[in-house]
Each structure stands twice: as structure tokens, then as C-alpha cells.
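quick one, what's the 3D model for this:
(2 chains)
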There are 2 protein chains.
Amino acid sequence: MKPLREAIRPTTIIRPEKLRTLLSLDLVVISETFQHTGSFKFRAAYNVVLNRPESEFVGVSSGNFGQALAYACKLLDRKCTVIMPHNSSKVKVDAVRSFGAEADLINVNEVSRVERLEQLREERPDAYMASAFDDRLVIEGNSSLGDELIDLGLDAIVVPIGGGGLISGTIEAFERANRPIEIIGAEPLMANDAARSLKAGHIIPNELEPQTVADGTRTLSVGNLTFPVIQRGVSSILEVSEEKIVDGLKLYFEHANLKCEPTGALSLGAVLQYPEQFRDKRVGVIVSGGNVDPTLYSQLLAG
Amino acid sequence: MKPLREAIRPTTIIRPEKLRTLLSLDLVVISETFQHTGSFKFRAAYNVVLNRPESEFVGVSSGNFGQALAYACKLLDRKCTVIMPHNSSKVKVDAVRSFGAEADLINVNEVSRVERLEQLREERPDAYMASAFDDRLVIEGNSSLGDELIDLGLDAIVVPIGGGGLISGTIEAFERANRPIEIIGAEPLMANDAARSLKAGHIIPNELEPQTVADGTRTLSVGNLTFPVIQRGVSSILEVSEEKIVDGLKLYFEHANLKCEPTGALSLGAVLQYPEQFRDKRVGVIVSGGNVDPTLYSQLLAG
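Predicted coordinates:
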């Protein structure tokens, strides 16, 4: 059993000159698209499975955490079930199954993922119910990405927010290193529960799972464990339009040779929508993952 | 003026588990898509401009060498003109211009690139006519990629062939290190001048520039300097169908999160078309570049 830092792949750092010239910005792209299973989620999933004694894991995931949990369970020889919305990307469902895990597909308009998790918790009392974000082991696993960014000399880092696990890990890594930095959340405007919660001072969930193109952020709310970390550590949360998310995805394709999923383009979308916040700074944008159906991607590129 | 090894970016090594599982192969992807200007050609172009005294450079290029030469000239403060087919990818023409170079667009059915080069040679006697492949400085520059591959423990490396500059550099790097390895060329079947020349024992050019989807290989023939290196150093040259090139491009997208241009997918296409040649070997496939028009890419993905 490899320790976390040996099991993960180091992140990919890209300084794409065409994109940097186009934006007139000292931009550093931090891409987790080549991480195991194609997103940062492997860091979290592996850390959970490695540190829990259970022989079975059940995960709730819009896709990437599911793949990551399935692969971590395969590597560490555990049983795995992933609860997924029935409209998840086909590539994500296929990937979960290819790692030997069970894909438990639900219609989120009839039963929420949390309700389904409770059902399975009763059915399988010996399994560990692995949250994609609201778990200390998840935050700790994600903080390994932050550790890799400490010495990049960044003034600001922009991080996509779904459940808040990645940004919490990033915050904790910089706290641990005692290196103050501006950490900015990027959230879809149509799934802006984190921004609303931050303003209100308490968690305000979305009523339904928002159908943003950034499908990795289709969560009802940030977590009980991630929210306090976000409250103490973020400089701001920027709300990004669907259009700017897609613009980000297209710019990565055309000017950085980077294929990413819409959720991964959230951070660049924030830079495009709020350029005045980033002027004259060295800005790191985290690309959280790269898994996207070819049909959807072609449409977004051509659209 | 930075020396070559400081000016280039190290190549990106990816071991994509989904693709490896799908092919049941110990596959190592060596991607130059994040190199400066998005292809390996920057290695060659920078080495040429760095080591020549002229203040003006004229290049002949289906696109990537043009971008690379333009950017190298910008970095090293020289004047640059790039002769390009009028049907080159728009992104490639735009990129050449964005680096301050002149794009000299020609209809290759009326005047060959070589003829146009001769015209410009007469018009501008003080300029250096930079070949995209048939130049010792090009081969030497490209060999810097081979240097990075010496310690990967590969049994075989598959390298796209257009003019033969990349494979010649790869061969010379392994010769220099005295590390025998199987080096296999991958060439489009419809642009198979290198394969035909190798069989014949002398250079047999294409009659017209072949309109393969792998537009980086639309050259009339391998070069006088590259051909002898190919003759002494390649194990074989595999002729790849247009279909397998596109299959390679799609597999990179779906199972490796890698955006590449069709020419970059030639080496994986060869592995798909001739699987028996690679069984039980650790195989490195070089992805030569990533620059491709979004419209073409969408069509290839969806097709």
C-alpha cells in the first residue's frame, strides 16, 4: 500500500504563452487532467480508502469522485459502489464500471443523492459512506495538491467550488506552510450556494441540483466541514456565467492545447469575467479535471 | 540568449491507465503538445536561430515549424518570414503572425514550397533559408527530445515521420547515449514516401503534396540529411491509414484527456493498426504536437 504522495501523480504545471499573451496576464495553469482517473478527486479518494479500515465503500458523486473512489478501491482491494445521477456523463459511468465498481444510477429529481446514501447506509451497515467533499480525509487528501503549489510564487489561486473539498484542501496546505496567499473560489452563477452561504454566514443549500454545464458542481451545498475552512480562508467567491465557463474551455483548447471538462474551466472563466481582480498578479488557475463526453465537448467547441 | 536546454520545456510524460488497460499495453505517452508553440518543432527552430549569424530567417512549413521559427526569432530578436500552404490551419497562420512574422501563403498546386523558397532566396540573399527538417541544426535540436527519453526504460519508440527530422534526432540521441532501442517510424499510408524510399534504398518523393489529415506530414519527401540517419537507425516504418490516425486522436481524447493534432496521433495510430508488433513491449509513442483547428477537431471527434 503506497502512501498518498507516492500514489498520486504530481500535478501538471503549464505556462501557455499564447493564452498568457492573449490575457496579458502572468497566468499559471495547474492541471489535474492527467491525474489518475483524470481529476484531482483521486487524491481525496485514495486518502480515504487508505486510512479507513472498512472493506466496502459507498460514494456519492456526480462522476469524478466516483471514478476516483472506484480506482482507489481497486488499487487497495476494497469493494465499491458509486451513487450517480442517471444523467451523468457516459464516460464517467463507464469508467466507474471499468474499475470493477457498481454504478448505482438515480434520478436526482425523485430521490436526492443524500437520501439514496441513507438508504444504502441502512442496507449495508458495514460499508463506509464516503462523502466526495465533507470528510477530513478528503480535505487532507486534496491538500496534497496545495502542497505542490507552495513554491510557485503565486499571488492568487483560483479554485473551482462544488462541495468545497478542493478549496478547503488548498487553504489548509497554505496555512500549514504559513504562506499567505489570495485564494479565490470560482462557482457557477447558477449553482452559487457557496457564494450565498459565505455572504449569509451560514450554509444555504440549493433547492434542486443546479443543471450547470459545470457538472462537477451540481451539489446541493458546501459541507459542514468545508464551510468553516472556506469562511476563514477564501478572499472571495466569484460567480461565473455559463458562457464564461465555456469560453474558458475553448480558450484552453485553442491557446493552451489543454482538454478540460467544463468544471475544470471554472477558474479561467472567473478570470475572464472579472479581469480587474487579477491585474498585475501572478495567478494560478486550477483545472480540476478533464473528463467530458466527446459529443458535449464537440458541441461546446463548435458553439 | 538561453542555451537550447534552458529555452525548451521538458516533454510531458503520461501513463494513462484507461488507455493502457484498453490496449493491454505498457504504453508511455510522450507529449510535445505543451512545448513552446505547441509542438516539438520549437526545439529545432530555436537551435537553428541560436546557432546561425543571419538577422533574417525564411522558413518553409505546413504550420508548426513556422510557428516555432517565428517564436524563436521573436525570442532571439531576428526577422522572420514563413512560407505556408494557403490551406494551412487558421490557428497556425494566426500564430505565425502573432509572433511578429510574415506569413507568405502559397497555393501548393501552382508553386511548390521548394520553388517559392528559391524565389525568396534570390530576393533576400542575406536571409537564412531554414528547412523544417533537412538541416543538421534541426536534427540536433530535435535530439534534445530523445535525450529526455533515454532513461524511460522503453523497448520501442514510435515516432511520426514527415520530413524525418524528429525521428533522425531521436535516433541520434540514442546512438550518442549508446543505448540500443527499437525506433519505429509512423507515416500516413497516403504520404508513404519514407517507407517507399527505405525499401528502394534511395529517396522517392511524392508527386504532389499528399492531403492526409496528418497535415504535419504533407511534405514531398524525406531530406538528404535525414534519410541516411533513417536508413541506419529505424527498425521499420509503419504505414498508417487515415482511419487509424483519427482513431488515435479520439482515444487520446477519451482515455487520456489529451488534445493532440492528427499528426501527433500517427504514432498511436501505428500501434492500433499493427498491434502484434508491440505485444509485451514497453512502448513510447511520441505525440509531436497539439495544434489543430477547433472545427476540424470537433468533426473528427464526432465523426
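
shouldn't A:Glu187 be in contact with A:Val240?
Yes: shown here, A:Glu187 and A:Val240 form a contact pair, counting by Cβ atoms under 8 Å, at 6.8 Å. Bear in mind the C-beta positions are built from the backbone N, C-alpha and C, glycine included.

between these two, point out the one with more neighbours.
Comparing A:Glu187 with A:Val240 by neighbour count (other Cβ atoms under 10 Å in any protein chain shown), the higher total belongs to A:Val240, at 32 against 28.

bridge partners for the more buried one, pull those for me.
Judged by DSSP bridges, the bridge partners of A:Val240 are A:Pro188.

OK, contacts around it?
A:186-189, A:266, A:269-270, A:273 (Cβ atoms under 8 Å, 6 or more residues apart in numbering or on different chains).

and with 10 Å instead?
Counting by Cβ atoms under 10 Å, 6 or more residues apart in numbering or on different chains, A:Val240 touches A:158, A:160, A:186-192, A:212, A:214, A:217, A:247-248, A:265-274.

if you average the pLDDT over whichever strand or helix holds A:Ser267, what comes out?
Under the criterion of DSSP states H and E, A:Ser267 resides in helix A:266-273. Averaging pLDDT along helix A:266-273 yields 98.

does that helix come close to chain B?
No: using Cβ under 10 Å from any Cβ of the partner chain, helix A:266-273 never reaches chain B; the gap is at least 15.2 Å.

what's the first helix or strand after that helix?
That would be, after helix A:266-273 and using DSSP H and E, strand A:282-287.

what are the boundaries of the strands in the stretch 51-200 of chain A?
Ranges of strands in the stretch 51-200 of chain A, per DSSP state E, counting those that start in this stretch, are A:56-60, A:79-85, A:102-106, A:128-130, A:156-160, A:182-188.

partner strands of the first one and their direction?
Within its sheet, and counting by DSSP bridges, strand A:56-60 is paired with strand A:79-85 (parallel), strand A:128-130 (parallel).

list the helices and strands the lowest-mean-pLDDT helix or strand in chain A packs on?
Least confident helix or strand, chain A: helix A:90-98 with a mean of 84, by mean pLDDT, DSSP states H and E. Counting contacts by 3 or more Cβ pairs under 10 Å, 6 or more residues apart in numbering or on different chains; DSSP states H and E, helix A:90-98 packs against helix A:64-75, strand A:79-85, strand A:102-106, helix A:294-302, helix B:17-23, helix B:242-256.

hey, which of the ones you listed is tucked in deepest?
Ranked by mean neighbour count under mean count of other Cβ atoms under 10 Å in any protein chain shown, the helices and strands packed on helix A:90-98 are led by helix A:64-75, which reaches a mean of 28.

now check it, is it near chain B?
Yes: using Cβ under 10 Å from any Cβ, helix A:64-75 reaches chain B at A:67, A:71, A:74.

just name the closest of these to A:Asp293, please.
Distance to A:Asp293 across the residues of helix A:64-75 next to chain B (Cβ to Cβ) is lowest for A:Gln67, with 13.7 Å.

surely that closest one touches B:Lys18?
Yes: counting by Cβ atoms under 10 Å, A:Gln67 does reach B:Lys18; the two are 9.4 Å apart.

follow-up on the earlier one: make CSV out of the residues of helix A:64-75 next to chain B and add pLDDT.
Listed next are the residues of helix A:64-75 next to chain B as CSV, based on pLDDT from 0 to 100:
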residue, pLDDT
A:Gln67, 91
A:Tyr71, 96
A:Lys74, 96
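
residue nearest the centroid of chain A?
A:Ser288 (5.1 Å; Cα atoms, centre = their mean).

residue contacts, it?
Here A:Ser288 is in contact with A:30-33, A:35, A:38-41, A:64, A:142, A:145, A:159-162, A:166, A:186, A:214, A:216-217, A:260-261, A:263-267 (criterion: Cβ under 10 Å, 6+ apart).

ok so, going back, and the helices and strands packed on helix A:90-98 as JSON lines, adding distance to A:Ser197?
What follows is those, written out as JSON lines (distance: least, Cβ to Cβ, whole Å):
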{"stretch": "helix A:64-75", "distance to A:Ser197": "21"}
{"stretch": "strand A:79-85", "distance to A:Ser197": "22"}
{"stretch": "strand A:102-106", "distance to A:Ser197": "25"}
{"stretch": "helix A:294-302", "distance to A:Ser197": "29"}
{"stretch": "helix B:17-23", "distance to A:Ser197": "36"}
{"stretch": "helix B:242-256", "distance to A:Ser197": "36"}
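
of all these, which lies closest to B:Ile181?
Of these, nearest to B:Ile181 by Cβ to Cβ is helix B:17-23, at 19.8 Å.

so what touches the closest one?
Contacts of helix B:17-23 (Cβ under 10 Å, 6+ apart): A:36-38, A:67, A:71, A:74, A:91, A:94-95, A:98-99, A:291, B:16, B:25-29, B:251-252, B:254-258, B:268, B:271-272, B:275, B:278, B:283, B:285.
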